[in-house]
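>>> pasting the structure only:
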């Protein structure tokens, strides 16, 4: 596309068409721009170039003649736009009203307004787009209106650039060869896109005169009102002071409190509350400062006047809006009197509640026991956990064994046989008993071990029972012989020499028998 | 402070280069007594050298002195250093070990006031706290002691019952002790093998994603000191849940997870 310094251009899009005729294919691509002349005169649109497979193709230059447009009110299409400001010579900070209007007497589609540029002004919206009808030059128009509040920030001449609205206008069919998708087939109408522009607006911003030292920075028209919740109160009571500043102008500049500190009061400030109202013609706002005042002493007291200095453009001068001071009667506090009356009865009435001035964390631990091993850890958790059941198992098994021992007489006799026999042998030794006594002791032992009445057993029966319990034959024979010899000696009454069974041999036999019987029992 | 850091490094068994000749050199073969590190860290805290205090307390914890008092001191040092997330996570560990300690609770409450997010810490309901009072009112160490004492008492009573089988008192005592032992041992098992996990946010602000991808959708943002419930962990990510049920994934490096 060639450069177009004399036109505004906007790329619209492209379309392509593929044809196949008599075996020969061709493709056509169309690129479309919308161009709008910037001035009246004769111009030339340069050659468009395209490179296809390295070969450059150029179009022919196109001469264009631009004629002056008809005046807007008599616009044959019935659409136009205007823009205006309420004051073209405002002061710095003064609020001016910018109004943009779109007039249309025909059906339109898809109006698209380019973003409005207001540099270097501050801009505040004044509500939504308003729609209404009006008569202009004898023609009934529908109007879409947009309003903005502008605040000049810099002294000097500034120009608001023209705004542009693109809109599709419905026109009767047959006036254009190209039809758009918006064309209504049945009513035979079609649309035509138009770019509408407003004129640039020149604004000459004036500086403010020399400002007084207490100038608040506000420009516009403002009022100050003060309200007190009471004018008579006691020492220690509190009253609420509310000061409201409201008006139209640069209400964004509402800043510091205009309230002066009163003398003889304790002051508790509250958070200020502000609001901005967009009325449609101007920006209005208000801000309210509240605070509680507590008189410190009885007598007369004054809540001082509130003074706000602002610049009023309608008067071309700085103006002070004031709320008059208010005199108060402060009575002695009745609570204080009560305290005095009870002072003698309750000396502690002078106590006051402790105020927490600040919060902080508590100090660290310093005790060295933190880094000393714990006793329980020394013992070991597992041992302390499993030792008690182990001890219980031991006690349980001992208990069971004891109970079984008590319940089984034969077992008890068998277990105690050796001990009983050894005790009897020791007694026999003391009394100097004979071999027959040792024989009876042996028989009693064998009886206990084999669950029989031992003293009634013969030597042969003893041998038989021992053999039955698995005692070796040689030992059985030895025991039988010793018992038999002792019996013979006993029955002979001294005619037969005494057998060799004495305490030592009896102990030895007992020991040997006990070992073999235990072994065989296992 | 560098001396204390050196001491801490040596005590932890780390090799360290000695920056100056005037420093006391402690050989790695004879590590510093834990008591000395503790006193040095406390002194550093008192001197407002909180970096050194943090290093000292962390050194002791790394040596295995996992004591709630150390976590509490570490929390104080973190808080003084302006690290809210570290402070709250340390206080939560201290609270787990000293559940009824008023100092720990006061400092934890103080730290929580500085947290930006209006999130209630993930805590069990009052009903659950009442029903399972022993589970929430006792520390793990205390639960261990209860288990050991009840275990000893139960087996003692059972042993006595071997000799006095007809005693009703011993029978009921053994039943009650057995119930107490089961309850306390269950609590101990839960605390040991399946503890509640709370993630405490460390940086000033961290993004929580819809999945385990940093280029994913940011579901919400959390700020330093916020405590959220850990639902799941995978590949250096934690799935965390807010009290209202909203969930998201957060990178593990941005949180300190405390097991309670």
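Perfect, thanks for sending it. All values reported here derive from a predicted model rather than from experimental measurement.
>>> Looking from chain A, tell me which residue of the stretch 101-250 of chain B is nearest.
At 3.6 Å from chain A, residue B:155 is the closest residue in the stretch 101-250 of chain B, using C-beta to the nearest C-beta. Placement of C-beta: from N, CA and C, glycine included.
>>> what's the burial count for that residue?
Here the count is done by other C-beta atoms under 10 Å in any protein chain shown, and residue B:155 has 21 residues near it.
>>> so what's the residue lying closest to it once chain neighbours are set aside scoring on pLDDT?
If the residues on either side of it in the chain are set aside, residue B:155 comes closest to residue A:388, at 3.6 Å by C-beta to C-beta, 6 or more residues apart in numbering or on different chains. pLDDT, residue A:388: 89.
>>> Three-state assignment for residue A:388, please.
Per DSSP: H, G, I helix; E, B strand; the rest coil, the local secondary structure of residue A:388 is helix.
>>> need the contact list for the residue of chain A at minimum distance from chain B.
The nearest approach of chain A to chain B comes at residue A:388, 3.6 Å away (C-beta to the nearest C-beta). Applying C-beta atoms under 8 Å, 6 or more residues apart in numbering or on different chains, we find residue A:388 in contact with B:151, B:152, B:154, B:155, B:156.
>>> distance of it from residue B:78?
Shown here: residue A:388 relative to residue B:78, a distance of 43 Å by C-beta to C-beta, to the nearest Å.
>>> Three-state assignment for residue B:199, please.
strand.
>>> my read: it touches residue B:225, true?
No. The pair residue B:199 / residue B:225 is not scored as a contact, 11.5 Å apart, by C-beta atoms under 8 Å.
>>> So, low pLDDT: which residues of the stretch 201-350 of chain A?
Across the stretch 201-350 of chain A, the ranges flagged by pLDDT under 70 are A:333-350.
>>> Please, where are all the helices along it?
Under the criterion DSSP state H, counting those that start in this stretch, helices of the stretch 201-350 of chain A are mapped to A:334-342.
>>> got the residue ranges for the strands in it?
A:201-205, A:215-228, A:232-234, A:239-249, A:265-269, A:273-278, A:283-295, A:299-303, A:306-312, A:317-323, A:326-331 (DSSP state E, counting those that start in this stretch).
>>> Can you tell me which of the ones you listed is nearest to residue A:425?
strand A:265-269 (111.3 Å; C-beta to C-beta).
>>> What strands line up against that closest one, and which way round?
strand A:283-295 (antiparallel) (DSSP bridges).
>>> and chain A, which residues reach chain B?
Residues of chain A lying close to chain B by C-beta under 8 Å from any C-beta of the partner chain are A:359-368, A:370-372, A:374, A:376, A:381, A:384-385, A:388-389, A:391-392, A:395-396, A:399.
>>> now do 10 Å
A:359-374, A:376-377, A:379, A:381, A:383-396, A:398-400, A:403 (C-beta under 10 Å from any C-beta of the partner chain).
>>> Can I get the buried part of these as one PyMOL selection?
Burial among those is assessed by 16 or more other C-beta atoms under 10 Å in any protein chain shown; the matching PyMOL selection reads:
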select buried, chain A and resi 361+364+365+370+371+384+387+388+392+395
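>>> which sections of the stretch 401-522 of chain A are below the confidence cut-off?
Low-confidence segments of the stretch 401-522 of chain A (pLDDT under 70): A:433, A:492-499.
>>> Give me the subset of the residues of chain A next to chain B lying in strands.
Among the residues of chain A next to chain B, no member falls in strands (DSSP state E).
>>> Residue B:73 belongs to a helix?
Yes. Residue B:73 forms part of a helix when assessed by three-state DSSP.
>>> Give the full set of residues in contact with it.
When contacts are counted by C-beta atoms under 10 Å, 6 or more residues apart in numbering or on different chains, residue B:73 touches A:363-366, A:370, B:38, B:41-42, B:45, B:53-54, B:56-57, B:60, B:67, B:90, B:94.
>>> So what's the gap between stretch B:105-119 and the chain middle?
On the basis of C-alpha atoms, centre = their mean, to the nearest Å, stretch B:105-119 sits 16 Å off its chain's mean C-alpha point.
>>> what about that stretch and chain A, touching?
Yes. Part of stretch B:105-119 sits near chain A under the criterion C-beta under 10 Å from any C-beta, namely B:105, B:106, B:107, B:108, B:109, B:110, B:111, B:113.
>>> if we can go back for a sec, I'd like to know how far the residue of chain A closest to chain B sits from residue B:164.
Going from residue A:388 to residue B:164 by C-beta to C-beta gives 18 Å.
>>> low-scoring stretches of chain B, by residue?
For chain B, the ranges with pLDDT under 70 are B:1-31.
>>> longest strand in it, by residue count?
Chain B, longest strand under DSSP E: strand B:227-234.
>>> Determine how far it lies from the middle of the whole chain.
The answer for strand B:227-234 is 16 Å, by C-alpha atoms, centre = their mean.
>>> mind listing what the helix or strand following it pairs with, with the direction of each?
Using DSSP states H and E, the helix or strand that follows strand B:227-234 towards the C-terminus is strand B:237-241. Using DSSP bridges, strand B:237-241 pairs in its sheet with strand B:227-234 (antiparallel), strand B:247-251 (antiparallel).
>>> how about those strands, which one is nearest residue A:194?
strand B:247-251 (52.1 Å).
>>> related to what we said a few turns ago, pick the most deeply packed of the strands paired with strand B:237-241.
Across the strands paired with strand B:237-241, the average number of neighbours (mean count of other C-beta atoms under 10 Å in any protein chain shown) peaks for strand B:247-251, which reaches a mean of 20.
>>> just checking, next helix/strand downstream of that one?
Heading C-terminal from strand B:247-251, the first helix or strand you meet, by DSSP H and E, is strand B:255-259.
>>> returning to what we had before: ok, and what's touching the longest strand of chain B?
So strand B:227-234 is in contact with B:85, B:88-89, B:92, B:112, B:115, B:117, B:119-123, B:196-201, B:208, B:212, B:222, B:238-243, B:246-250, B:252, B:255, B:257-259, going by C-beta under 10 Å, 6+ apart.
>>> Narrow those to just the buried residues.
Buried subset of the contacts of strand B:227-234 (neighbour count, 16+ other C-beta under 10 Å): B:85, B:88-89, B:92, B:112, B:115, B:117, B:119, B:121-122, B:197-201, B:208, B:222, B:238-242, B:247-250, B:255, B:258.
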